[in-house]
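>>> Return atomic coordinates for the entry below.
(one chain, ligands or ions: 1)
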Amino acid sequence: SLFIGGSIAGLAEVYTNLQKSIGATEHLLEILDEPAEDISPVTAIAPENHLDGQISFRNVSFHYPSRPDLTIMNDVSFDVYADQKVALVGPSGAGKSTIVSLLLRLYDPVNGNILFDGKESSSFPLSQLRSQMAVVPQDVFLFGGTIAENIAYGKPGATVEEMEAAAKQANAWEFIQRFPLGLDTVVGERGIQLSGGQRQRIAIARAVLKNPRILILDEATSALDSESERLVQDALDKLMEGRTSIVIAHRLATVREADKIIVLDKGHIVEEGTHNELIGQDGLYRTLSEMQFIAASS
Ligand code: ATP
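Model prediction:
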């Protein structure tokens, strides 16, 4: 899962304030997905900061600030080309979420470099970088407001028409319009409780509105009912089209279709290739598939 705990220099204060306001059970990552919009007015992306969506890790090593003794990533290098769909696969603790945290620059590498379109990630203003990325987490948290507010979080100031179009593309419109108040329906503790699949589709609508160059997706491990599952998968497939997608993958269907699968173990890349290439090798990917760590059901 993509829970990011611990303190982060420079963000600690924001984190504390946010935790106070929304409760300690929250996923920090989801909040940090949009910090620019939260703390400063949205600014247009400067031409020099526009991302095509190419990502390179060059000999990246990393340990968390709280555990300098524990090397989490060791000499990790890989390339993702613009518009590719890349699946991250590996046992629990292998470092999949850490790669995502590094991409979002929640942390910086201890050694090595992360490049976007061949340029050092630290050369981009953080807000400009993050406003071109969207995250769809496993467990979607909606804050206690209206559905409209939760969707428009991806693009402050979005019009009702834009929200409706995003909800339609996310396969969320059908259930939203069945509520008497539609987009103005209040969700969360004081409002309507949505199912896991419905919350995911709201998060997808949020990402559709944001229209990021880079999409990061943490696939749900827990099964939804099959109708909801189909609607979520269909919405995600549409969302991934035409942008770079990094998927923490648990589903065979996802890895089969990926342009590249990166197999991680204990902070190293142990294999890299397509499903057909990796299944033909007697390696960790095949073992994981056989052990159904990558669900064989889909
Ligand atoms: P899972 O599939 O279980 O989500 P993962 O492959 O995403 O696992 P990571 O969450 O990246 O793995 O964890 C990699 C290693 O880093 C683990 O040993 C984990 O305990 C450690 N780790 C993760 N987050 C932190 C943190 N905030 N501080 C210290 N160590 C951490």
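>>> ok, D234 to the ligand distance?
25 Å (Cβ to the nearest ligand atom, to the nearest Å). In this view, the C-beta of every residue, glycine as well, is placed from N, C-alpha and C.
>>> what kind of secondary structure is the closest residue to that residue other than its chain neighbours in?
Counting by Cβ to Cβ, 6 or more residues apart in numbering, N171 is the residue found nearest to D234 once chain neighbours are left out, at 6.1 Å. At N171 the chain is in coil, as set by DSSP: H, G, I helix; E, B strand; the rest coil.
>>> I'd like to know the phi and psi angles of N171, please.
Main-chain dihedrals, N171, degrees, to the nearest 10: phi 60, psi 30.
>>> Roughly how far does the spatially most distant residue from the centre of the chain sit from I192?
Computed with Cα atoms, centre = their mean, the residue of the chain farthest from its C-alpha average is P180, at 31.4 Å. To I192, P180 is 11 Å away according to Cβ to Cβ, to the nearest Å.
>>> what does P156 give?
23 Å.
>>> quick one: the helices in the stretch 101-250 of the chain?
126-130, 147-152, 160-169, 173-176, 196-210, 226-240 (DSSP state H, counting those that start in this stretch).
>>> now those helices in TSV, with mean neighbour count, distance to Y107 and mean pLDDT?
Compiled in TSV, those are given as follows (neighbours: other Cβ atoms under 10 Å; distance: least, Cβ to Cβ, whole Å; pLDDT from 0 to 100):
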stretch	mean neighbour count	distance to Y107	mean pLDDT
helix 126-130	19	12	94
helix 147-152	23	27	95
helix 160-169	19	30	96
helix 173-176	18	36	96
helix 196-210	25	22	93
helix 226-240	17	25	89
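>>> could you dump these to JSON lines with distance to L284?
Formatted as JSON lines, the helices of the stretch 101-250 of the chain follow (distance: least, Cβ to Cβ, whole Å):
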{"stretch": "helix 126-130", "distance to L284": "32"}
{"stretch": "helix 147-152", "distance to L284": "38"}
{"stretch": "helix 160-169", "distance to L284": "36"}
{"stretch": "helix 173-176", "distance to L284": "40"}
{"stretch": "helix 196-210", "distance to L284": "29"}
{"stretch": "helix 226-240", "distance to L284": "25"}
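>>> Spell out which parts of this protein neighbour the ligand.
1, 5-6, 64, 66-67, 72, 90, 92-98 (Cβ under 6 Å from any ligand atom).
>>> Can I get the buried part of those as one PyMOL selection?
Of the residues of the chain next to the ligand, the buried ones go into a single PyMOL selection, burial set by 16 or more other Cβ atoms under 10 Å:
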select buried, resi 64+72+90+94+95+96+97+98
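>>> taking the residues of the chain next to the ligand one by one, which sit in helices?
Among these, the members found in helices (DSSP state H) are 96-98.
>>> Report the buried residues of stretch 100-113.
100-107, 109, 112-113.
>>> For those, give me a markdown table that also has distance to S289 and pLDDT.
Shown next, in a markdown table, are the buried residues of stretch 100-113 (distance: Cβ to Cβ, whole Å; pLDDT from 0 to 100):
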| residue | distance to S289 | pLDDT |
| --- | --- | --- |
| V100 | 22 | 95 |
| S101 | 26 | 95 |
| L102 | 26 | 96 |
| L103 | 25 | 96 |
| L104 | 29 | 94 |
| R105 | 32 | 95 |
| L106 | 30 | 95 |
| Y107 | 31 | 95 |
| P109 | 30 | 97 |
| G112 | 30 | 97 |
| N113 | 32 | 97 |
